[in-house]
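S.K.: Task: produce atomic coordinates for the following.
(chains A, B, C and D)
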Amino acid sequence: MTKFLPLSKAVADNLNNGDTVAFEGFTHLIPTAAAHEAIRQGFKDLTLVRMTPDLIYDQMIGMGMARKAIFSYAGNPGVGLLRRLRDAVENGFPHALEIEEHSHAAMANAYEAGAAGLPCAIFRGYRGAELARVNPNIKSVTCPFTGEVLAAVPSVRPDVTFIHAQKANKRGDVLVEGIIGIQKEAALAAKRAVVTVEEVVDNFDDLHPNLTVLPNWSVTAISVVPGGAHPSYAHGYYIRDNASYLEWDEIAADRDRFREWMQKNVIEKTADDFAGRVEHLRNVA
Amino acid sequence: MTKFLPLSKAVADNLNNGDTVAFEGFTHLIPTAAAHEAIRQGFKDLTLVRMTPDLIYDQMIGMGMARKAIFSYAGNPGVGLLRRLRDAVENGFPHALEIEEHSHAAMANAYEAGAAGLPCAIFRGYRGAELARVNPNIKSVTCPFTGEVLAAVPSVRPDVTFIHAQKANKRGDVLVEGIIGIQKEAALAAKRAVVTVEEVVDNFDDLHPNLTVLPNWSVTAISVVPGGAHPSYAHGYYIRDNASYLEWDEIAADRDRFREWMQKNVIEKTADDFAGRVEHLRNVA
Amino acid sequence: MSELGFTPNEMMTIAASRALKGDDVCFVGIGAPSAACNVARLTHAPDITLIYESGTIGTAPDVLPLSIGDGELCDTAVTTVSVPEMFRYWLQGGRISIGFLGAAQLDKFGNINTTVIGDYAHPKTRLPGGGGAPEIATSSKEIYITMAQSKRGMVEKIDFYTSFGHGDGGDHRKRLGIDTKGPTLLITDLAIWKPDPVTKEFTVVSLHPGVTRDKVQETCGWTVKFADTLEETPVPTQLELQTLRDLKARTDAAHKGEAVSAKRGSKDG
Amino acid sequence: MSELGFTPNEMMTIAASRALKGDDVCFVGIGAPSAACNVARLTHAPDITLIYESGTIGTAPDVLPLSIGDGELCDTAVTTVSVPEMFRYWLQGGRISIGFLGAAQLDKFGNINTTVIGDYAHPKTRLPGGGGAPEIATSSKEIYITMAQSKRGMVEKIDFYTSFGHGDGGDHRKRLGIDTKGPTLLITDLAIWKPDPVTKEFTVVSLHPGVTRDKVQETCGWTVKFADTLEETPVPTQLELQTLRDLKARTDAAHKGEAVSAKRGSKDG
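M.R.: This next block holds a predicted model:
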């Protein structure tokens, strides 16, 4: 059964140094507020899992919190490279970063297998692709009926997954809608699932029965953080702050400027500051 | 791109003697009208696939149309046994029926793998269960990471799948809602997918973006048959005719009574008769 | 109805309902398990999560479904998912605390047959088959079984292992690499049974009111073991009985075709 | 803007858009592919199905998404599915007719690198990586590639095989058991290229207006093959140009933060 907690406590209770953690979000609903809280609490030695590590993992890597990254596309979506991640991989700054790199199909299947309680996923993938040469966690399985050789990857089973969702009801059931991405799988694949939401509503009685809902007993903790996905977006609440993504490319290009920005915009701030950041992006429909 | 066709033509164009065919529906949305049309057209030598063969497969088997059945639960749901199927298995009447029997988990995974274009599915199943001894299509695969032995079954790839859905829009996109069962997977796993619907609406503009919709280019043909799921139901249109399921138990118990009932209620009827059968079951909400 | 004011079947359902707790997540088989789970929900365990294999999660039907996929289950559910998702994420994912099964044939180690009577290839009676049971039996954290006693149903040796209980007893599950508990409770119309901690053989721990040891043995195909201290199952409370009977009455009316409105489709035209 | 009245980049996008048909189902990469696909949709191919890997199927955005997951894509889609479903049912299921990719590095056989420049373990430049490309390249029925020409981008030997094109050429795909066609079209800012039927080496079949053979060779890192009969790409029509420019203008405005309303959430409170 889930608990409603302030974000600082939800993060402190559920994340530990050395954990394998996923802050998931596929462009939409990225749990920025949760990631910033983890940065403020200064965790170390994390294995960061995500299909599309973007600004928040660039920030955590730049702050020296990550030992390893497991991912399939490490870019600033639509803008370019992740400069702090590059600095870690190319120059070992602030320290070396181990990487385990996959394709999207592999990661999606690995999360799905994790949610399904399986040790591995099989799929038709990596044919002719060189990742299979450099990543020892890409193996193969032979179909016992046709003899076809299929790719196999270990399932993703994070110690804890953080996601952002549109809303919870008072019982603690959680709704994700719009581009639902990999959130359900990431939450169900993890030992613990922490969800930040835009708001809490009385009940879900009017929801269509086939939407993506996580029942309260499948969620460890919920924190209400309006705007908590910024500069990503929450469908139905506020739009993507594309300008911030463009700006990040400059901030992250310089080590000092990065540290200053983090100090001013993350370390000295709280989860409560997110609501103000999305004010100009809110729906006027 | 899909075509809107009268049911008789949709069945004639897409089903052939000897085909592997799924008339799918998991209690909800069973494509009875399509099955009755197939019975009227007198196909032979079919391999019938379905998780829960119920009245319609009992009818097709009783009419001697099936060579083989692939299934996971051959019962009249909530009522008891399927007496025509029993007669075929136990007494070879009207002729012998080959069976390939699985668990629900296996069939669900096999359809899912079929929709995903894979040759097989793996899952944690059949442990200690005797079906693995009598069904040569239950094999195993060893996880290359953990060494765990998982069950493997061939994917289901029907020549043609028939499903019933609530509605299509004018472009031919199809909506399934409520207990969605295995319909999407069954349709996508097949070479050809034929859908009967309750009605056609102008567009789906007001639908929530995350509902179960089959785009028009993934559907071969659509036929409008109001009431086409009876005695099953169409959520939002009419409720399940539980009394008919109870009655079937008596009809199917006797070979002669069965033939008479089929003659009167299927052979001498058309798809147009379904609308009248659900009149008393329609929503008064 | 006996002179006790309730039937053995009612006692069975109510005793089974008492075993369920508010934080349980139950994968519900149809029939007696469904009645027991819903009585629990309507009495002492309002927060219990009931899951039917048709994909309805957290359902709260007003009448008992005739099938596992009646519309009422979806109408009242927290969410309704596809069947592959149900078996992959929710059952295989290890989220079910109690798998609740019935049985056509049962042996003393909780192995269940619902497939065939006689030889598989040439059966005397072809039964419906396993459905979800083979994986419910091994993926749920524990299994409760409920059935009315009879010599035909409770047998020394079942004809087919549709779903695995404790196999030959002892650590047989463990030897197959199955790390869930398996059958931990059997509730019949006459008694409550629990597996012996070592041999895993079902042992009577409580007799329902008015039931004798002889009666239990007469309706069971194996030599029954009784616990050293045998309890008597508390009689149904007025609330339990009334809840069960009301549920059955609503259910019978609905299944005879008195229409319950079909609600909650999509919002468009 | 050249004296021709359009830029090479505009010509590239428009030439690419012309290759798409109304019954195509396109898996769309971000950037140039996205612009080309949407120009096609807004001109000669209104029924084209555009799919982005974020799960939006049959989307029709009014502005180009900055990322593959902008809200506009979901707002206008026929349906939006989960990412595992996208990669399993729609891509791996064989339902994509055209996979449309860009490239950081490309070789003459259509092999693409978007992973690293230099050695994988000690890269000179760490690029974002493959994302969906490794499986798009092998599961789509055919692959179109679009990129602006440069010696740095079009190289004799790529540093890393992020996604497989024709490998070493000839029947290399077939030898790996890959039964899809692979790259069948390359559209650059200077020319249209198609693979030689036998060797599979990209060969220039059409030069864009005002482009010379020398210019194509100067901006390409391998020795360019030209078809015996070389076409000239028709100049953009007024409709094509206007459509592309309007789309870009709307896009630029939106990405600078002028809010487009966030529509179509759930209907409840």
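
S.K.: And the pLDDT at C:Pro33?
M.R.: Looking at C:Pro33, its pLDDT reads 88.

S.K.: Now do the SS call for it.
M.R.: Remark: C:Pro33 carries the secondary structure label helix [criterion: DSSP: H, G, I helix; E, B strand; the rest coil].

S.K.: I figured A:Gly172 hits A:Ala165, correct?
M.R.: No. With contact taken as Cβ atoms under 8 Å, A:Gly172 and A:Ala165 are classed as non-touching, separated by 11.5 Å. Where you see a C-beta, it was placed from the backbone N, CA and C, and this is true even at glycine.

S.K.: The two: who's more crowded?
M.R.: Just comparing A:Gly172 and A:Ala165: by other Cβ atoms under 10 Å in any protein chain shown the higher neighbour count belongs to A:Ala165, 28 against 21.

S.K.: residues in contact with that one?
M.R.: Contact partners of A:Ala165, counting by Cβ atoms under 8 Å, 6 or more residues apart in numbering or on different chains, are A:29, A:174-176, A:183, A:195-198, A:214.

S.K.: quick one: the strands in the stretch 101-250 of chain A?
M.R.: Per DSSP state E, counting those that start in this stretch, the stretch 101-250 of chain A carries strands over the ranges A:120-123, A:139-142, A:149-154, A:160-169, A:174-176, A:192-201, A:212-214, A:221-224.

S.K.: ranges for the strands of chain C?
M.R.: For chain C, the strands defined by DSSP state E cover C:25-28, C:49-52, C:56-57, C:79-80, C:98-101, C:105-106, C:112-113, C:116-118, C:123-126, C:142-146, C:183-187, C:191-195, C:202-207, C:225-232.

S.K.: coming back round to it: from the contacts of A:Ala165, which two are the most distant?
M.R.: The largest separation in the contacts of A:Ala165, counting by Cβ to Cβ, is between A:Glu198 and A:Leu214 at 15.0 Å.

S.K.: and the contacts of A:Ala165 as TSV, adding distance to B:Ile70, pLDDT and neighbour count?
M.R.: Formatted as TSV, those follow (distance: Cβ to Cβ, whole Å; pLDDT from 0 to 100; neighbours: other Cβ atoms under 10 Å in any protein chain shown):
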residue	distance to B:Ile70	pLDDT	neighbour count
A:Leu29	40	97	29
A:Val174	38	98	26
A:Leu175	37	98	22
A:Val176	35	98	27
A:Gln183	35	97	29
A:Val195	40	98	28
A:Thr196	45	98	30
A:Val197	44	98	25
A:Glu198	46	98	25
A:Leu214	34	98	26
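
S.K.: Could you spell out the sheet neighbours of the lowest-mean-pLDDT helix or strand in chain A, each with its direction?
M.R.: One helix or strand of chain A scores below all others by mean pLDDT, DSSP states H and E: strand A:80-81, with a mean of 90. Sheet pairing of strand A:80-81 (DSSP bridges) gives strand A:75-76 (antiparallel).

S.K.: Please list all residues in contact with C:Arg250.
M.R.: Applying Cβ under 8 Å, 6+ apart, the residues contacting C:Arg250 are C:62-63.

S.K.: Low-confidence ranges, chain A, go.
M.R.: A:283-285 (pLDDT under 70).
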